[in-house]
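> Turn this into a structure:
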Amino acid sequence: MKPINKVGWTSFVCLLLGLLSAVELCASLDFYQKHVIGNMLEYECATVMQTRQINGRNGGCKKINTFLLDTGVRVRNTCARGDGTHNVGFNVVVTSSHPNCSYTGRRHDNRIVPIKCKHGPVDLDSTVQIG
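Predicted coordinates:
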């Protein structure tokens, strides 16, 4: 039987960890693309959804999307607490789709937003109004 080459094994483990990190990085980038925007007005929903190419699961209109009005720093800080779901207050614009992908939006201030983190933000749960 051939002895295990330590250099080969280490390279394999590093490659595997790098691939896993890349998958998690892609999930976080996708999250920021779909849900984080510095500022937007309610009537800009259609433009933002189109510009960012945010679609539903089958490529059609996404029925509802929530935008966090934030630079992303608070999102990063939230996920720095560790994996799991963390509830954080944000101002948001919730977009909803009507026939032919015509989107309308509604701004909500001080919403508690559950952010799912796995080595970075990966998803949002539905928003719940604060107090």
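
> Secondary structure element for Thr95, which one?
Using DSSP states H and E, Thr95 sits in strand 84-98.

> List the buried residues of that strand.
Neighbour-count burial for strand 84-98 flags His86, Val88, Phe90, Val92, Val93, Val94, Thr95, Ser97 (criterion: 16 or more other Cβ atoms under 10 Å). Placement of C-beta: from N, CA and C, glycine included.

> Give me the secondary structure label for the one residue sitting closest to the centre of the chain.
Note on the chain: the residue nearest the mean C-alpha position is Phe31, at 1.9 Å, using Cα atoms, centre = their mean. Three-state assignment for Phe31 (DSSP: H, G, I helix; E, B strand; the rest coil): helix.

> hang on, isn't it packed against His119?
No: assessed by Cβ atoms under 8 Å, Phe31 is found out of contact with His119, at 11.6 Å.

> Provide the strand pairings for the strand holding Thr95, with the direction of each partner.
According to DSSP bridges, strand 84-98 forms sheet pairs with strand 64-69 (antiparallel), strand 102-117 (antiparallel).

> Out of those strands, flag the one nearest Gly82.
strand 102-117 (7.1 Å; Cβ to Cβ).

> Tell me how far that closest one lies from the chain's centre.
Here strand 102-117 shows a centroid-to-chain-centroid distance of 12 Å under the convention Cα atoms, centre = their mean, to the nearest Å.

> Next: stretch 91-111.
Centroid separation for stretch 91-111 versus its chain: 16 Å, with Cα atoms, centre = their mean.

> Regarding it, how distant is the last residue from the first?
Length of stretch 91-111, first residue to last, Cα to Cα, to the nearest Å: 6 Å.

> swap in stretch 42-54?
Using Cα to Cα, one end of stretch 42-54 lies 16 Å from the other.

> Then stretch 111-123?
End residues of stretch 111-123 are separated by 16 Å (Cα to Cα).

> Okay, buried residues for that stretch please.
By neighbour count with 16+ other Cβ under 10 Å, stretch 111-123 contains the buried residues Arg111, Val113, Ile115, Lys116, Cys117, Gly120, Pro121, Val122.

> export those residues to CSV and tack on pLDDT and distance to Arg81?
Shown next, in CSV, are the buried residues of stretch 111-123 (pLDDT from 0 to 100; distance: Cβ to Cβ, whole Å):
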residue, pLDDT, distance to Arg81
Arg111, 91, 19
Val113, 92, 14
Ile115, 93, 10
Lys116, 91, 12
Cys117, 91, 8
Gly120, 87, 12
Pro121, 89, 12
Val122, 88, 14
